[in-house]
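1. Sequence and predicted model, in that order:
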Amino acid sequence: MCAKIHLEAIGTSPNDCQIAEDCGADQIELVAAIELGGLTPTSAVVARCVQTVSIPVYAMVRIRGGGFCYSREEIDLMAQDSRTCMEAGAAGIVFGAVTPAGMVDLGAWSQILDAAGAGEHGCHRAFDAVADRISALDQLVALGVARVLSSGGAKTALQGSPRLQTLIQNAPPSITVMAAGGIRSHNVGEVVRQTGCTMVHAGALRDENDLTPASEVSYGSYKVVDSGQLASLRNALDNISGL
């Protein structure tokens, strides 16, 4: 029997976190503004989510959309956010920063981790922006980072599976490479088989409209966890694992 494949689900609210736990997620990556790829949630949201579920909640620390080369002021502000998220009860923070030369921004990481303090911290898909991912793994291990998200630098984990497999095979024991990018119930089995990953990260989301009255101005929709998608993904993972 294979070991259980762990599932990290994206969530934006206490309700999302509760649905994710009920559907079998092992941990939550908590974000705001998912339409921008995820930004730092407020400390109030972090605290309520931690109170709502029994599984670990990891808070995204990202000040804006776009890429991952940050100014000194942005890093200072994210350091404050890191401290605030951990004080609110997060199990760890999820962060990433690179230099214009395509290297891990060690100075930014050191400042963020110093502010965050003890915890199980991870690197989001900024990791895929570095030029030498194998060396980057060693650098992140030296910093004490526990996990990295990666699609192998491709648009999806399935497309990047050869490079993702190489990363997983070369990762030091103290860090886990989590497959991320376009993972759904219909393809997660192939991702696991091709890469050998033991953790996957997924945004099983759907559009939701609030009760704002219709008018000439459209306010659009927002994303929430889709229980059907997430339960199907958990079921597909359990079938792979033989559980």
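-> On my side now, so go ahead.
2. Please report the distance of residue 89 from residue 76.
-> Note on residue 89: its distance to residue 76, by CB to CB, to the nearest Å, is 23 Å. For glycine as for every other residue, the C-beta is placed from the backbone atoms N, C-alpha and C.
3. Can you list the buried residues in the helix or strand where residue 76 lies?
-> In the assignment (DSSP states H and E), residue 76 maps to helix 72-87. Of the residues in helix 72-87, 75, 77, 78, 79, 81, 82, 83, 84, 85, 86 count as buried by neighbour count, 16 or more other CB atoms under 10 Å.
4. What are the contacting residues of it?
-> 40-41, 43, 46, 59, 61-64, 70, 92-93, 95, 97, 107-108, 111-117, 119 (CB atoms under 8 Å, 6 or more residues apart in numbering).
5. go on, stretch 58-67?
-> Outside stretch 58-67, the residues touching it (CB under 8 Å, 6+ apart) are 8, 27-33, 36-41, 46, 70, 74, 77-78, 81-82, 85-86, 88, 90-96, 98, 112, 116, 120, 122, 124, 129.
6. all helices for this protein, in order.
-> Counting by DSSP state H, the chain has helices at residues 14-22, 43-52, 72-87, 106-116, 133-143, 161-170, 188-195, 227-241.
7. could you say what helices and strands the first one packs with?
-> Secondary structure elements in contact with helix 14-22, counted by 3 or more CB pairs under 8 Å, 6 or more residues apart in numbering; DSSP states H and E, are strand 6-11, strand 27-30, helix 43-52, strand 222-225, helix 227-241.
8. Any chance you could list what contacts the fourth one?
-> For strand 222-225, the surrounding residues in contact (CB under 8 Å, 6+ apart) are 9-13, 15-16, 19-20, 23, 34-35, 203-208, 210.
9. Whichever of these end up buried, select them in ChimeraX.
-> Filtering the contacts of strand 222-225 down to the buried ones (16+ other CB under 10 Å) takes a single ChimeraX command:
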select :9,10,11,12,13,16,19,20,23,34,203,204,205
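10. For the worst-scoring helix or strand of the chain on mean pLDDT, buried residues please.
-> Lowest mean confidence among the helices and strands of the chain (mean pLDDT, DSSP states H and E): helix 227-241, at a mean of 93. Of the residues in helix 227-241, 229, 230, 231, 232, 233, 234, 236, 237, 240 count as buried by neighbour count, 16+ other CB under 10 Å.
11. could these go into TSV alongside distance to residue 221?
-> Converted to TSV, the buried residues of helix 227-241 look like this (distance: CB to CB, whole Å):
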residue	distance to residue 221
229	16
230	18
231	22
232	22
233	22
234	25
236	27
237	28
240	32
